[in-house]
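Undergrad: below: sequence and its predicted model.
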Amino acid sequence: MDPARLLEGLTPVQAEAVATEAAPLRVLAGPGSGKTRVLTRRIAHRVATGSADAGHVLALTFTRKAAGELRSRLGRLGVRGTVVAGTFHAVAYATLRRDEADAGRLPPSLLTRKAGVLARLVERRGLGGAVRPGEVAAEIEWAKARLVGPEGYVEAAAAAGRRPPVEVGEVAALYRGYEDEKRRRGQVDFDDLLLRCARRLEADPEAAARQRWRFRHLFVDEFQDVNPLQARLLDAWRGDRPDLCVVGDPDQAIYAWNGADAGLLLDFPRHFPGGQTVVLADNFRSTPQVLAVAGAVLGPRAAGAGPLRPAREAGAVPTVRRYADAAAEAHGIARAVERRHRDGLAWSAMAVLVRTHAQSVVLEEALAAAGVPHRVRSGPPFLRQPVVVGALEELARRPGRLAPRLVDLEEDLRDAGEGADTGADDAESARRGLLAELVRLGREYEALDPAAGTDGFLDWLATALRAD
């Protein structure tokens, strides 16, 4: 790779973020400012200049899709070697499992769903009609993300203004019962993985040295979404080394309800003395009108990327409407779609974007009632797709090293691709795409654990895809 070519096509500020030798480094990147482009080129640039080894890079993301996109872009940039990219949970689980295997111990038994345990505890305390297990699980996850145990929950919840559906003392009791039951079973949950990994590194100098030798160059995407538990693990991985680059935007911090703390990004200079900041404030995605509306919603900001500078030409002025409830909003959208169609816009030229699946259900009802033809671009989560279920069942029937099983899957995919005619239907293309994604995930797990087995892969998948 030619380092100079990696700076081509970048703005001066983007090029600075890619090439600066500052460490630790904070990149404040507003939406549409080329955040992923800068992050991937910075990794590639450091590899190309010899200041980083691809095999010792750890890039932490918050979804498997983001991790896959990052690796794909690095490949297109010419990065050779195995960059480890994944979520905090996925990396922590794989490294813990490897450490346990090296020590001759069994890996931790993973509790993938809190609801089953909590449902029994809720009924035992006579709260069946007052609170759902999922609501208690959300409170426990918030507490663990904030490094709060059962004994400290009442005080922490009051300080944070938490309003669970039942009295906070009841939640604390359920939290305590949940932890006791988990210990009795010898299980850990997803959040325990992070804490256990952090504690291992904090208490065991040899384990810390191994991890810090392997993960010498740390990159964190969407740093505004990091919570105190994840920050503790990041500190344990980093030690006293300055080699850290974080990218984020406090204006896009929307997970405080789940324990995230944008203050870790905002207070970067205090948490990481000697660090430097590069601000990406040019927006290449939206028109000036869209940015003006967004800026009005956000209001004055004392930190972050600040007001974004539009790089696109002027466009239509957005219309902002407020509705009484979700049903009224859905009917309003249906009427708007009808009007645009009557004005000559094709149905296929329109799309309605939603934040959550629950919103799509209400919208589908409204569109159907209005006679608007539509289809929903969604489906079952990855691990519930029939083709994935079948492939995983086959892996479970053939325990052993993961590598040869992945080779078999790749050969099946290659044969299917060669045997398919050019008119292969969407279903077959989707099937091959899902299997290709399963192979990619397998290779990702192998990068974390070169001696990976099929049993570890099946458990790791539940961890890596927990947000799907």
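TA: Noted; the coordinates are in hand. Since we're looking at a predicted model, the values are computed, not measured. Numbers count the residues shown, from 1 in each chain.

Undergrad: where's the closest residue to P107 other than its chain neighbours, which helix or strand?
TA: Closest residue to P107 apart from its sequence neighbours, by Cβ to Cβ, 6 or more residues apart in numbering: R97 at 4.4 Å. Placement of C-beta: from N, CA and C, glycine included. Assigned by DSSP states H and E, R97 belongs to helix 88-102.

Undergrad: mind checking how far H341 is from D191?
TA: 48 Å (Cβ to Cβ, to the nearest Å).

Undergrad: any idea which residue sits dead centre in this protein?
TA: The C-alpha lying nearest the average C-alpha coordinate of the chain belongs to F62 (Cα atoms, centre = their mean; 1.8 Å).

Undergrad: for that residue, what are its contacts?
TA: For F62, the contacting residues are 87, 221-222, 225, 467, by Cβ atoms under 8 Å, 6 or more residues apart in numbering.

Undergrad: mind running it again at 6 Å?
TA: The contact partners of F62, taken as Cβ atoms under 6 Å, 6 or more residues apart in numbering, are 222, 225.

Undergrad: burial measure for T36, as a count.
TA: 15 (other Cβ atoms under 10 Å).

Undergrad: name the SS class of L106, please.
TA: Under DSSP: H, G, I helix; E, B strand; the rest coil, the three-state class of L106 is coil.

Undergrad: buried set for stretch 317-337?
TA: 329-331, 333-334, 337 (16 or more other Cβ atoms under 10 Å).

Undergrad: quick one: average confidence on stretch 289-298?
TA: In this model, stretch 289-298 has a mean pLDDT of 87.

Undergrad: please state the offset of it from the chain centre?
TA: 26 Å (Cα atoms, centre = their mean, to the nearest Å).

Undergrad: what sits up against it?
TA: By Cβ under 6 Å, 6+ apart, stretch 289-298 touches 251, 283, 307-308, 310, 315, 317-318.

Undergrad: need those residues in JSON lines (columns: pLDDT, distance to A236 and secondary structure).
TA: Output for these, formatted as JSON lines (pLDDT from 0 to 100; distance: Cβ to Cβ, whole Å; DSSP: H, G, I helix; E, B strand; the rest coil):
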{"residue": "D251", "pLDDT": "88", "distance to A236": "29", "secondary structure": "helix"}
{"residue": "N283", "pLDDT": "92", "distance to A236": "36", "secondary structure": "strand"}
{"residue": "P307", "pLDDT": "80", "distance to A236": "37", "secondary structure": "coil"}
{"residue": "L308", "pLDDT": "85", "distance to A236": "35", "secondary structure": "coil"}
{"residue": "P310", "pLDDT": "91", "distance to A236": "41", "secondary structure": "strand"}
{"residue": "G315", "pLDDT": "89", "distance to A236": "47", "secondary structure": "coil"}
{"residue": "V317", "pLDDT": "89", "distance to A236": "49", "secondary structure": "coil"}
{"residue": "P318", "pLDDT": "90", "distance to A236": "45", "secondary structure": "coil"}
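
Undergrad: quick one: which of those residues is the most crowded by neighbours?
TA: Going by other Cβ under 10 Å, L308 tops those with 26 neighbours.

Undergrad: phi first, then psi, for that one.
TA: Here is the backbone geometry of L308 (degrees, to the nearest 10): phi -90, psi 140.

Undergrad: what of A85?
TA: Taking degrees, to the nearest 10 as the convention, A85 sits at phi -130, psi 130.

Undergrad: burial count for it?
TA: 27.

Undergrad: for it, give me its contacts.
TA: Neighbours of A85 in contact, by Cβ under 6 Å, 6+ apart: 59, 67, 70-71.

Undergrad: so where do the strands sit in the stretch 1-150 of the chain?
TA: Assigned by DSSP state E, counting those that start in this stretch, the stretch 1-150 of the chain shows strands spanning 25-29, 57-61, 84-87, 109-110.

Undergrad: what's the closest of these to V372?
TA: strand 57-61 (36.3 Å; Cβ to Cβ).

Undergrad: what is the closest one packed up against?
TA: strand 217-220 (3 or more Cβ pairs under 6 Å, 6 or more residues apart in numbering; DSSP states H and E).

Undergrad: and the angle for the helix or strand that the strand it packs on is followed by with helix 88-102?
TA: Later in the chain than strand 217-220, the nearest helix or strand by DSSP H and E is helix 228-238. Angle, helix 228-238 to helix 88-102, by axes from the mean of the first three to the mean of the last three Cα atoms, to 10 degrees: 50 degrees.

Undergrad: low-confidence regions, the stretch 201-350 of the chain specifically.
TA: Low-confidence segments of the stretch 201-350 of the chain, defined by pLDDT under 70: 301-305.

Undergrad: so how far is H56 from T82?
TA: On the measure of Cβ to Cβ, T82 and H56 end up 10 Å apart.

Undergrad: typed the wrong thing, it's A173
TA: Computed with Cβ to Cβ, the distance linking A173 and H56 is 46 Å.

Undergrad: do you know how far L441 is from L409?
TA: L441 is 11 Å from L409, by Cβ to Cβ.
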